[in-house]
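K.L.:
next input, structure requested:
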Amino acid sequence: LAKKETSRLIRLSPQVGLTLPLYAGASSKVLLAHQSSSYINDYLSNTKIRKITPFTTPSIDKLNDEIKKIQKQGYSLCDQDVNIGLTGIAAPILDAKEKVVASFVVAGPRDRILKDKVKIIKILKELCARASFELGSR
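P.N.:
Alright, predicted model coming up:
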């Protein structure tokens with residue numbers, strides 16, 4: 001829906017409205033991980049993974065493991081699975097019914113994101129919790 005670009009020399013400028021399969025990218029995976037069990041099982045049963053980069057999730061079994069990890073930790077970190085050299089971290093925004101309605105993602109050059117990963121995750125989860133609270137989530 002929106003993006004904020006940095007003034008640094010190297011920038012990531014994703015196309016607003018760009019769609020990716022749910023198995024690729026931090027934002028997509030965090031949205032998938034917060035769907036109902038029946039939705040996830042149906043998706044896993046009916047999806048064929050097409051590698052976007054050599055780092056795209058290689059199989060449905062691996063994707064299922066990633067979904068469980070995302071659900072447990074509350075965020076998704078995807079390293080180069082959509083674009084070589086780029087890493088993204090995303091967290092979900094929930095509504096009053098505890099349903100995912102959006103995600104917030106921080107993405108950029110791999111070295112920058114991984115260097116500040118712990119700080120980014122902390123801030124990202126706080127922002128998403130605040131946004132979820134505003135939408136009525138506990």
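K.L.:
which strands or helices does the lengthiest helix in the chain pack on?
P.N.:
The longest helix of the chain (DSSP state H) is helix 117-134. Judged by 3 or more Cβ pairs under 8 Å, 6 or more residues apart in numbering; DSSP states H and E, the packing partners of helix 117-134 are strand 86-94, strand 100-109. For the C-beta atoms, the positions are set from N, CA and C on the backbone; glycine is no exception.
K.L.:
that helix to strand 86-94, inter-axis angle?
P.N.:
Angle between the axes of helix 117-134 and strand 86-94 is 30 degrees (criterion: axes from the mean of the first three to the mean of the last three Cα atoms, to 10 degrees).
K.L.:
compute the inter-axis angle for helix 117-134 and strand 100-109.
P.N.:
Using the same axes, to 10 degrees, the direction of helix 117-134 lies 160 degrees away from that of strand 100-109.
K.L.:
returning to that earlier point: winner for burial among the helices and strands packed on helix 117-134?
P.N.:
Per residue and on average, the most neighbours among those fall to strand 86-94, with a mean of 24 (mean count of other Cβ atoms under 10 Å).
K.L.:
that strand - what's its average pLDDT?
P.N.:
Averaging pLDDT along strand 86-94 gives 97.
K.L.:
which strands and helices sit next to that strand?
P.N.:
The helices and strands touching strand 86-94, judged by 3+ Cβ pairs under 8 Å, 6+ apart, are helix 26-33, strand 76-79, strand 100-109, helix 110-115, helix 117-134.
K.L.:
neighbouring strands of that strand in the sheet, and parallel or not?
P.N.:
strand 76-79 (antiparallel), strand 100-109 (antiparallel) (DSSP bridges).
K.L.:
closest to H34 out of these?
P.N.:
strand 100-109 (3.7 Å; Cβ to Cβ).
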